[in-house]
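> Pasting a predicted model and its sequence here:
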Amino acid sequence: MNYNRTTADAAARWGVTERTIRNWCKRGYLPAVKMGGVWRVADLPSLQPPPPAQPTTAEQGGEQPTDPISFA
């Protein structure tokens, strides 16, 4: 497997930020290796980005805690 795609290349290909690509690499969503502190993504023509994350309760309009810090 050739790891010759940069995070910038992958980000441009899928229309996301480089930070998102680095997060996907770190979580194992993309076939990638870290060389010299830099992520290199596998260059696979059929590779698709991972599905979007499920929205959290707050993003769905659910109730948010009124006091996020509790001193019980």
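Nice, I can see it.

> immediately after the helix ranked longest in the chain, which helix or strand?
The single longest helix within the chain, with elements called by DSSP state H, is helix 18-27. Following helix 18-27 in sequence order, the next helix or strand is strand 32-35 (DSSP states H and E).

> which of the residues in the helix or strand just after that next one are buried?
Next along the chain after strand 32-35, taking DSSP H and E as the criterion, comes strand 38-41. Neighbour-count burial for strand 38-41 flags 39-41 (criterion: 16 or more other Cβ atoms under 10 Å). In this view, the C-beta of every residue, glycine as well, is placed from N, C-alpha and C.

> Strand partners (parallel or antiparallel) of strand 38-41?
Sheet pairing of strand 38-41 (DSSP bridges) gives strand 5-6 (antiparallel), strand 32-35 (antiparallel).

> Following the chain past the first one, name the next helix or strand.
What that stands for is strand 5-6. By DSSP H and E, the next helix or strand past strand 5-6 is helix 7-14.

> Contacts for that following helix next, please.
5, 17-18, 20-22, 25, 30, 38-39, 41, 49 (Cβ atoms under 8 Å, 6 or more residues apart in numbering).

> Any quick PyMOL command for the buried ones out of those?
Those of the contacts of helix 7-14 that count as buried under 16+ other Cβ under 10 Å are selected in PyMOL with:
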select buried, resi 5+20+21+22+25+30+39+41+49
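
> Save the contacts of helix 7-14 as CSV, and put in distance to residue 11 and pLDDT too.
Below are the contacts of helix 7-14 laid out as CSV (distance: Cβ to Cβ, whole Å; pLDDT from 0 to 100):
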residue, distance to residue 11, pLDDT
5, 10, 89
17, 6, 93
18, 5, 95
20, 7, 92
21, 5, 92
22, 9, 94
25, 11, 91
30, 11, 88
38, 14, 94
39, 11, 95
41, 10, 91
49, 10, 67
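
> Can you report how many residues lie near residue 1?
8 (other Cβ atoms under 10 Å).

> could we number from 31 for the rest of this?
Got it, the first residue is 31 from now on, which makes the last one we talked about residue 31.
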